[in-house]
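**Student:** dropping a prediction and its sequence here:
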Amino acid sequence: MKRKLIAITLITVLICVGLGNIVGCAPTSATEYDLTIDSTAGGSVTVPGEGAFICSPGMVVGLVAESDEGYRFINWTGDVGAIGNVTAAATTITINDNYSITANFIALYDLTIASTAWGSVTTPGEGVFTYDEGTVVNLIAEPDAGYLFSNWTGDVGTITNVNAAATTITMSSDYSITANFGWFNITQVSAFGWHMVGLKSDRIVLAVGWNDYGQCDVGNWTDITQVTAGMDHTVGLKSGGTVVAVGYNSLGQCNVGNWTGTTQVAAGAAHTVGLKTDDTVVAVGLDYQGQCNVGNWTDITQVAAGYLHTVGVKSDGTVVAVGAEGIWDYGQCEVGNWTDITQVAAYYFHTVGLKDDGTVVAVGNNTQGQCNVGGWTGITQVAAGFEHTVGLKSDGTVVAVGNNDYGQCDVGAWTDIIQVAAGYLDTVGLKSDGTVVTVGPSYDV
């Protein structure tokens, strides 16, 4: 090995040698020692350099190790007994023998952590963290009250358990991960415009989506037995038969504070409908298409509110409907010949009816195939979206027809569903375990 001369010892001369910021002074001697210096990947020894050096006994040699970008110095290894500090990148070694030492470096990797709504990552926190290669990092995700941890997504290849809120990740690269949270203990869901709502088993309400008019401000609601989402407002039925509402109200669609004896509510684009204990119906809000002209309805068992029309099921299985006049008439109110109907759903310009034999009928605008439900069987509930229709089957699976530009009809893989709802461009499914699934524009549920 090629050797470099650090100090030449003379018998009668005292030599002082300066290396970097360290000055080594050695007494005269005829003895010389070898100092061999090396480094691992990720950095180098800049003072005195790397290779083999000739040193005098007692000489104090300065050592400076510098890491490359993305690495850090760890320690000196080898013949380190005479090194001042084996964990310091800048230190000294006192020469009393032949020594071979190595500067060790380790790769640094960034861990970027984020979370969806309804929870946070408490350990190590959220943001960007830097760790040594091979570090096992503890991860703890905590949901907000009323919510449930769902899973970790992103660069999850080294996460021990992606479905566990408390787990670990081993750093072998730069990673970006997200903790996902969702709803649980949900008993009913509803959607219409750009928001959706869910009723929990403890009778409080959750809402997610657009909140331009406060339509999601339901956090103080209690003792709710049914919820319904309109275009820009949300309505809740309380156990005593009174009704609450939040959101856009310039047309009076939230003026339900004096309602009593209410057993069911439905919200449309800009009107709200209530079914009373005596089987009559009340309505407030936009009425220029006659969608609130329900004062003479009797013997009603269920109501639905569409964009500009209102539909009611009578106890004998027939159906009544009002609204949709003139240029807004796509035939969505032509339900006069329907019989044996157990449930109706309405949205933009179409109406859907579920028959007692599990088949489905539909009328109105069919430009996207949203009324092509003639072949459905074994259906237990229907929901109408903007331009799509959804049906829940008796085996817990779901079918859908109509506009699928945003994946709102991609429900073929759903199982164990007990209720469905359809919004503007989305479809919502409530599972038997109280969790919620959606397709279409993303909601954090």
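**Tutor:** Nice, I can see it.

**Student:** confirm T339 sits in a helix?
**Tutor:** No. The assignment for T339, made by DSSP: H, G, I helix; E, B strand; the rest coil, is coil rather than a helix.

**Student:** and stretch 216-223, C-alpha only, in CSV?
**Tutor:** Coordinates of each C-alpha in stretch 216-223 appear next as CSV, following Å, rounded to 0.1, in the frame of the first residue of the first chain:
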residue,chain,number,x,y,z
CYS,A,216,-72.7,20.2,7.4
ASP,A,217,-73.0,22.2,10.7
VAL,A,218,-74.9,19.4,12.5
GLY,A,219,-72.4,18.8,15.3
ASN,A,220,-74.8,20.0,18.0
TRP,A,221,-77.7,17.9,16.9
THR,A,222,-78.9,15.3,19.3
ASP,A,223,-81.8,12.8,19.6
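
**Student:** which parts of the stretch 51-200 of the chain are strands?
**Tutor:** 51-55, 60-67, 71-78, 90-94, 99-115, 119-123, 127-132, 136-143, 147-154, 166-170, 175-183, 186-191, 195-200 (DSSP state E, counting those that start in this stretch).

**Student:** L354 is nearest to which of these?
**Tutor:** Nearest of these to L354, taken as C-beta to C-beta: strand 186-191 at 17.0 Å. C-beta here means a position set from N, CA and C on the backbone, and glycine is covered the same way.

**Student:** just the buried residues of the closest one, please?
**Tutor:** The neighbour-count check on strand 186-191 (16 or more other C-beta atoms under 10 Å) flags 186-191 as buried.

**Student:** of the strands of the stretch 51-200 of the chain, flag the one that's most buried.
**Tutor:** Comparing the strands of the stretch 51-200 of the chain by mean neighbour count (mean count of other C-beta atoms under 10 Å), strand 195-200 ranks first with a mean of 26.

**Student:** contacts for that one, please.
**Tutor:** For strand 195-200, the surrounding residues in contact (C-beta atoms under 8 Å, 6 or more residues apart in numbering) are 146, 183, 185-191, 205-211, 215-216, 218, 224-229, 234, 421, 423, 426, 428, 430, 436, 438, 443, 445.

**Student:** if we can go back for a sec, of the buried residues of strand 186-191, which pair is most distant in space?
**Tutor:** T187 and A191 (15.4 Å).

**Student:** what about the stretch 1-150 of the chain, any weak spots by pLDDT?
**Tutor:** For the stretch 1-150 of the chain, applying pLDDT under 70 flags the ranges 1-30.

**Student:** kindly recompute the last result at 50.
**Tutor:** 1-29 (pLDDT under 50).

**Student:** for the spatially most central residue of the chain, give me its contacts.
**Tutor:** Most central in the chain under C-alpha atoms, centre = their mean is T116, positioned 3.8 Å from the mean C-alpha point. T116 is in contact with 178-181, 444, counting by C-beta under 8 Å, 6+ apart.

**Student:** same thing with G295?
**Tutor:** 280-282.

**Student:** domain map for the protein?
**Tutor:** Annotated domains of the chain cover 3-105, 116-183, 186-439 [automatic domain parsing].

**Student:** most tightly surrounded among these?
**Tutor:** Ranked by mean neighbour count under mean count of other C-beta under 10 Å, the domains of the chain are led by domain 186-439, which reaches a mean of 20.

**Student:** tell me the mean pLDDT for that one?
**Tutor:** Averaging pLDDT along domain 186-439 yields 97.

**Student:** show the end-to-end separation of that domain, please.
**Tutor:** Start-to-end span of domain 186-439 (C-alpha to C-alpha, to the nearest Å) is 17 Å.

**Student:** and it, how far from the chain's centre?
**Tutor:** Centroid separation for domain 186-439 versus its chain: 26 Å, with C-alpha atoms, centre = their mean, to the nearest Å.

**Student:** likewise for stretch 91-100?
**Tutor:** Computed by C-alpha atoms, centre = their mean, the chain-centroid distance of stretch 91-100 equals 57 Å.

**Student:** run through who's touching that stretch.
**Tutor:** Counting by C-beta under 8 Å, 6+ apart, 22, 24, 26, 33-36, 38, 55-63, 76, 78-79, 82-85, 101 sit against stretch 91-100.

**Student:** go again using 7 Å as the cut-off
**Tutor:** 22, 33-36, 55-63, 78-79, 82-85, 101 (C-beta atoms under 7 Å, 6 or more residues apart in numbering).

**Student:** for stretch 150-166, same thing?
**Tutor:** The contact list for stretch 150-166, computed with C-beta under 7 Å, 6+ apart, reads 140-141, 149, 167-170, 172, 175-182.

**Student:** same question for stretch 429-443.
**Tutor:** 182-186, 189, 196, 198, 208-209, 398, 406-408, 410-411, 414, 416-420, 425-428, 445.

**Student:** which of the residues you listed fall in strands?
**Tutor:** Assigned to strands by DSSP state E, the following of the contacts of stretch 429-443 qualify: 182-183, 186, 189, 196, 198, 208-209, 398, 417-420, 427-428.

**Student:** farthest-separated two in these?
**Tutor:** G209 and I418 (21.8 Å).

**Student:** which among the contacts of G295 gets closest to Q253?
**Tutor:** V282 (12.6 Å).

**Student:** how long is stretch 300-318 end to end?
**Tutor:** 10 Å.

**Student:** going forward, the N-terminal residue is numbered 30.
**Tutor:** Okay, residue one is now 30; in that scheme the one you just asked about reads as stretch 329-347.

**Student:** please identify which of the contacts of T145 is nearest to G360.
**Tutor:** D473 (37.4 Å).

**Student:** roughly how far apart are the closest residue to L140 other than its chain neighbours and N114?
**Tutor:** Spatial nearest neighbour of L140, chain neighbours left out: F158 (4.8 Å); criterion: C-beta to C-beta, 6 or more residues apart in numbering. If you measure F158 against N114 using C-beta to C-beta, to the nearest Å, the figure is 27 Å.

**Student:** please apply the same query to D434.
**Tutor:** D434 is 65 Å from N114, by C-beta to C-beta.

**Student:** is it true that Q361 touches V392?
**Tutor:** Yes. The criterion here is C-beta atoms under 7 Å, and Q361 meets it with V392 at 6.1 Å.

**Student:** joint contacts of the two?
**Tutor:** Here Q361 and V392 have 379-380 as joint contacts, going by C-beta under 7 Å, 6+ apart.

**Student:** need the next SSE after the one helix or strand V275 maps to, C-terminal direction.
**Tutor:** For V275, the element it lies in under DSSP states H and E is strand 272-276. The C-terminal neighbour of strand 272-276 among helices and strands, as given by DSSP H and E, is strand 291-296.
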